[in-house]
Structure formats: structure tokens, C-alpha cells
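1. Based on what follows, work out the 3D shape:
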Amino acid sequence: MNILELKKDLLSACLKEVDDRADSLRKVMEDAQQSANDYGQPKDRYDSYRTQLLRKRDMFGQQLQKILEQRALLEKMGVDKRHEVAGYGALVITNAQKIFISIGLGKFEFNGNEYFVISPVVPYFKAIEGKRAGEDFEFRGQKFRIKDIA
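-> Residues are numbered from 1 along each chain as shown. Presented below is the predicted three-dimensional model:
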């Protein structure tokens, strides 16, 4: 498998992970709403249980909104072209790890390999931003070499 195909497959796996997270959040929101409905109206003015359930639902709704925004970013990402420098949409392979610069999903297992799916706002990205294959960079006192970029 060439590196561009790997990047496309990795993007598809990231989209699936985001969809799974969104589905989980929807389920939790529905459960909180159902619990609030089953509980009914507050029993007296000091009864805040229903309000807590609705706040919980709203909190998960905000998280769902962020996940859907991240999904939209992934859908817009062009993975058909090879990147020359480390930047948004690039798959960066160093001597120590494989980094996919897209959204912040963290450590990601894919095809038996470990990838780090990071956002362009994290400090690690700032260390590799604009670097090319063959260049070295330092992060938290450790030196790394970029082997390849796609």
C-alpha cells in the first residue's frame, strides 16, 4: 500500500471513529432526556434532579456539536495530494512515530500500527510545522527526524 492510499484509509478510519463518538453522545443525550421525562416535573422548588438531567443532556449536546464540526473538517480535507511540508492534512512519519495532522483524536490504532491523530493547535504540531522530509526537530528535549511526509 502506498502512502497516499494509507492516508486515505486513515482518514476513513478517523471518520468512522468520529461517527462512533457522535453516536455514543446521541445515545447518552437520549438517555438523559428520557430520564428527565420519566422523572416528570420537579416535586418542589428545591428539587433540581430533572434540571441536572437536562443540563447533562445539554452538555453532551455541546460535545456532539464539536464532534460534528470536527467531522466537517475531516470531510473537507484533501488527502489526494502529497504534502511537501508538515501541515494540516499531512501524514508525517518520524523515526519514532506516525502523526496524522487533522483533528485531535489522540493515539489511534489502525491496521496494526499506532498513529497519533493531532490537531494543528497542539504544541507538537508547532514543533514540526513547515518541516520537510529529512529535517530534524526537537520537542520536549527529544530530537526527532522526519522520514517521510504525505
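
2. low pLDDT regions in this protein?
-> For the chain, applying pLDDT under 70 flags the ranges 1, 42, 45-46.

3. Report the central residue of it.
-> By Cα atoms, centre = their mean, the chain has its centre lying nearest to Leu105, at 2.9 Å.

4. Hmm, it is touching Cys14, no?
-> Yes. Here Leu105 reaches Cys14: they are 6.2 Å apart, a contact under Cβ atoms under 8 Å. (C-beta placed from N, C-alpha, C; glycine too.)

5. shared neighbours, the two?
-> Taking Cβ atoms under 8 Å, 6 or more residues apart in numbering as the criterion, Leu105 and Cys14 both touch Val117.

6. quick one on the thing from earlier: the residue nearest to the centre of the chain and Ile118: what is the separation?
-> Leu105 sits 8 Å away from Ile118, going by Cβ to Cβ, to the nearest Å.

7. Equivalent analysis for Ile128, please.
-> Going from Ile128 to Ile118 by Cβ to Cβ gives 10 Å.

8. what residues are shared contacts of these two?
-> Both Ile128 and Ile118 are in contact with Ile99, where contact means Cβ under 8 Å, 6+ apart.
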